[in-house]
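Participant: quick one: sequence and predicted model below, then my questions.
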Amino acid sequence: MFKPSALLAVLVLALLSAVPAARAQWAPNPIAGGGLITALTATSVTITRGNVAKTVTVDANTVIKIDNVVKSAADLKIGLYAGAWGTGTQATEVRAFTPKPANPAPPAGTTQIAGGGLITNLAATSVTITRSTVAKTVTINANTVIKIDDVVKTAADLKNGLYAMAWGKDGVASEIRAYTPKTK
(Lines give C-alpha, C1' and ligand atoms only; values in the text may rest on other atoms or scores of the structure.)
Protein backbone atom coordinates (compact mmCIF):
# COMPACT_ATOMS: atom_id res chain seq x y z
CA MET A 1 0.00 0.00 0.00
CA PHE A 2 1.19 3.52 -0.90
CA LYS A 3 1.94 5.72 2.09
CA PRO A 4 2.02 9.49 1.37
CA SER A 5 4.07 10.09 4.51
CA ALA A 6 6.80 7.72 3.25
CA LEU A 7 6.91 9.47 -0.13
CA LEU A 8 7.07 12.84 1.60
CA ALA A 9 9.94 11.64 3.79
CA VAL A 10 11.89 10.43 0.72
CA LEU A 11 11.33 13.76 -1.06
CA VAL A 12 12.41 15.77 1.97
CA LEU A 13 15.58 13.68 2.36
CA ALA A 14 16.37 14.05 -1.34
CA LEU A 15 15.92 17.81 -1.20
CA LEU A 16 17.98 18.18 1.95
CA SER A 17 20.86 16.18 0.47
CA ALA A 18 20.77 18.34 -2.70
CA VAL A 19 20.85 21.68 -0.87
CA PRO A 20 24.54 21.61 0.22
CA ALA A 21 25.66 20.63 -3.29
CA ALA A 22 23.58 23.39 -4.88
CA ARG A 23 24.76 25.90 -2.32
CA ALA A 24 28.40 24.98 -2.93
CA GLN A 25 27.93 25.29 -6.68
CA TRP A 26 26.55 28.83 -6.43
CA ALA A 27 28.33 30.15 -3.36
CA PRO A 28 30.58 33.09 -4.20
CA ASN A 29 34.25 32.39 -3.66
CA PRO A 30 36.12 35.68 -3.19
CA ILE A 31 39.46 35.63 -4.98
CA ALA A 32 40.34 39.35 -4.83
CA GLY A 33 38.57 42.24 -3.27
CA GLY A 34 38.09 45.27 -1.23
CA GLY A 35 40.50 47.36 -3.26
CA LEU A 36 41.01 49.60 -6.24
CA ILE A 37 41.50 48.50 -9.82
CA THR A 38 45.11 49.47 -10.52
CA ALA A 39 45.75 47.72 -13.85
CA LEU A 40 43.69 46.34 -16.74
CA THR A 41 44.31 44.28 -19.85
CA ALA A 42 41.88 42.64 -22.24
CA THR A 43 42.04 39.45 -20.16
CA SER A 44 42.94 40.56 -16.63
CA VAL A 45 42.07 42.93 -13.80
CA THR A 46 44.48 43.84 -11.00
CA ILE A 47 42.82 44.76 -7.69
CA THR A 48 45.04 46.35 -5.04
CA ARG A 49 44.18 46.54 -1.36
CA GLY A 50 46.79 48.31 0.71
CA ASN A 51 50.09 47.03 -0.67
CA VAL A 52 48.71 43.67 -1.86
CA ALA A 53 47.84 43.40 -5.57
CA LYS A 54 45.92 40.43 -6.99
CA THR A 55 45.50 39.88 -10.71
CA VAL A 56 42.49 37.87 -11.87
CA THR A 57 41.66 36.57 -15.32
CA VAL A 58 38.47 37.68 -17.06
CA ASP A 59 36.87 36.27 -20.20
CA ALA A 60 33.59 36.34 -22.10
CA ASN A 61 31.91 34.26 -19.36
CA THR A 62 32.91 36.62 -16.53
CA VAL A 63 29.94 38.65 -15.26
CA ILE A 64 30.94 42.31 -14.87
CA LYS A 65 28.83 44.62 -12.70
CA ILE A 66 29.63 48.30 -12.28
CA ASP A 67 27.51 50.19 -9.74
CA ASN A 68 25.14 47.16 -9.73
CA VAL A 69 24.56 47.30 -13.50
CA VAL A 70 25.71 44.47 -15.79
CA LYS A 71 28.42 45.80 -18.10
CA SER A 72 31.35 44.42 -20.09
CA ALA A 73 35.01 44.12 -19.10
CA ALA A 74 35.76 47.01 -21.48
CA ASP A 75 33.74 49.27 -19.14
CA LEU A 76 36.07 48.64 -16.18
CA LYS A 77 38.36 51.57 -15.36
CA ILE A 78 41.41 52.07 -13.20
CA GLY A 79 40.35 53.67 -9.91
CA LEU A 80 37.05 51.81 -9.47
CA TYR A 81 36.62 50.02 -6.14
CA ALA A 82 36.26 46.30 -6.90
CA GLY A 83 36.08 42.70 -5.82
CA ALA A 84 36.29 39.44 -7.77
CA TRP A 85 34.76 36.00 -7.24
CA GLY A 86 35.71 32.74 -8.91
CA THR A 87 38.16 29.86 -8.67
CA GLY A 88 41.92 30.19 -8.50
CA THR A 89 42.65 33.32 -10.50
CA GLN A 90 39.72 32.88 -12.95
CA ALA A 91 36.99 35.39 -12.13
CA THR A 92 33.39 34.33 -12.67
CA GLU A 93 32.20 37.74 -11.48
CA VAL A 94 33.78 41.16 -10.95
CA ARG A 95 31.80 43.79 -9.07
CA ALA A 96 33.07 47.35 -9.24
CA PHE A 97 31.79 50.59 -7.77
CA THR A 98 32.56 54.21 -8.45
CA PRO A 99 34.21 55.59 -5.31
CA LYS A 100 32.28 58.42 -3.69
CA PRO A 101 34.33 61.62 -3.86
CA ALA A 102 35.75 62.98 -0.65
CA ASN A 103 33.80 65.79 0.94
CA PRO A 104 34.81 69.02 -0.74
CA ALA A 105 36.45 71.74 1.30
CA PRO A 106 34.17 74.31 2.92
CA PRO A 107 33.52 77.48 0.95
CA ALA A 108 36.39 79.97 1.25
CA GLY A 109 36.17 82.42 4.12
CA THR A 110 33.53 80.40 6.00
CA THR A 111 33.36 78.03 8.90
CA GLN A 112 30.91 75.28 9.65
CA ILE A 113 28.06 76.94 11.55
CA ALA A 114 25.78 73.89 11.86
CA GLY A 115 26.31 70.34 10.87
CA GLY A 116 26.20 66.67 11.08
CA GLY A 117 22.50 66.50 11.86
CA LEU A 118 19.00 66.28 10.49
CA ILE A 119 16.96 69.18 9.20
CA THR A 120 14.17 69.48 11.76
CA ASN A 121 12.57 72.81 10.87
CA LEU A 122 12.30 74.94 7.74
CA ALA A 123 11.14 78.53 7.35
CA ALA A 124 11.38 81.02 4.51
CA THR A 125 14.58 82.53 5.89
CA SER A 126 16.00 79.81 8.14
CA VAL A 127 16.88 76.14 8.48
CA THR A 128 17.23 74.26 11.77
CA ILE A 129 19.74 71.41 11.87
CA THR A 130 19.59 69.14 14.91
CA ARG A 131 22.41 66.87 16.01
CA SER A 132 21.48 64.64 18.92
CA THR A 133 19.66 67.10 21.18
CA VAL A 134 21.39 70.28 20.00
CA ALA A 135 19.45 72.34 17.44
CA LYS A 136 21.14 75.12 15.50
CA THR A 137 19.09 77.53 13.36
CA VAL A 138 20.89 79.30 10.53
CA THR A 139 19.69 82.12 8.35
CA ILE A 140 19.37 81.53 4.60
CA ASN A 141 18.93 84.07 1.81
CA ALA A 142 19.06 84.35 -1.98
CA ASN A 143 22.87 84.01 -1.87
CA THR A 144 22.84 80.72 0.05
CA VAL A 145 24.00 77.84 -2.18
CA ILE A 146 21.91 74.72 -1.58
CA LYS A 147 23.26 71.29 -2.56
CA ILE A 148 21.22 68.12 -2.08
CA ASP A 149 23.03 64.85 -2.76
CA ASP A 150 25.82 66.93 -4.39
CA VAL A 151 23.44 68.59 -6.89
CA VAL A 152 22.75 72.34 -6.78
CA LYS A 153 19.11 72.92 -5.80
CA THR A 154 17.01 75.66 -4.22
CA ALA A 155 15.92 76.21 -0.63
CA ALA A 156 12.44 75.03 -1.65
CA ASP A 157 13.94 71.57 -2.26
CA LEU A 158 15.11 71.20 1.36
CA LYS A 159 12.99 68.86 3.50
CA ASN A 160 12.82 67.85 7.11
CA GLY A 161 14.75 64.62 7.67
CA LEU A 162 17.63 65.33 5.28
CA TYR A 163 21.10 65.00 6.80
CA ALA A 164 22.70 68.43 6.55
CA MET A 165 25.52 70.79 7.42
CA ALA A 166 25.90 74.52 6.88
CA TRP A 167 28.84 76.84 6.32
CA GLY A 168 28.78 80.59 6.67
CA LYS A 169 29.56 83.55 8.86
CA ASP A 170 27.75 85.16 11.77
CA GLY A 171 24.87 82.65 11.62
CA VAL A 172 24.13 83.31 7.92
CA ALA A 173 24.62 80.24 5.71
CA SER A 174 26.61 80.74 2.52
CA GLU A 175 26.21 77.04 1.69
CA ILE A 176 24.05 74.16 2.92
CA ARG A 177 24.90 70.61 1.90
CA ALA A 178 22.12 68.10 2.51
CA TYR A 179 21.99 64.38 1.83
CA THR A 180 19.19 61.86 1.64
CA PRO A 181 19.67 59.40 4.52
CA LYS A 182 20.49 55.86 3.37
CA THR A 183 17.82 53.26 4.00
CA LYS A 184 18.70 49.71 4.98
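Facilitator: Perfect, thanks for sending it. Numbering: from 1, shown residues only.
Participant: only C-alpha atoms from now on, for both contacts and neighbour counts.
Facilitator: Noted.
Participant: tell me the buried residues in stretch 154-173?
Facilitator: Using 16 or more other Cα atoms under 10 Å as the test for burial, stretch 154-173 gives 155, 158-159, 161-168, 171-173.
Participant: what about Ala84, how many residues close to it?
Facilitator: 31 (other Cα atoms under 10 Å).
Participant: which intervals of the chain have sub-threshold pLDDT?
Facilitator: Residues of the chain meeting the criterion pLDDT under 70: 1-28, 100-105, 183-184.
Participant: domain assignment for it?
Facilitator: Per the record, the chain has its domains at 30-97, 111-179, by automatic domain parsing.
Participant: what's the first-to-last distance across the last one?
Facilitator: Distance across domain 111-179, first residue to last, is 19 Å (Cα to Cα, to the nearest Å).
Participant: hang on, Asn160 is in a helix, isn't it?
Facilitator: No: checked against DSSP: H, G, I helix; E, B strand; the rest coil, Asn160 lies outside a helix; its state is coil.
Participant: list the contacts for Arg95?
Facilitator: 64-68, 82-84 (Cα atoms under 8 Å, 6 or more residues apart in numbering).
Participant: beta partners for it?
Facilitator: Lys65, Gly83 (DSSP bridges).
Participant: from Ile119, how far off is it?
Facilitator: Taken as Cα to Cα, the span from Arg95 to Ile119 is 35 Å.
Participant: same thing with Arg177?
Facilitator: Taken as Cα to Cα, the span from Arg177 to Ile119 is 11 Å.
Participant: Arg177 and Ala166 touch, don't they?
Facilitator: Yes: between Arg177 and Ala166 a contact is recorded at 6.4 Å, counting by Cα atoms under 8 Å.
Participant: ranges for the helices of the chain?
Facilitator: Assigned by DSSP state H, the helices in the chain fall at 4-26.
Participant: strands of that one, residue ranges please.
Facilitator: Counting by DSSP state E, the chain has strands at residues 30-40, 44-49, 52-57, 63-66, 69-71, 81-87, 90-97, 111-123, 126-131, 134-139, 145-148, 151-153, 163-169, 172-179.
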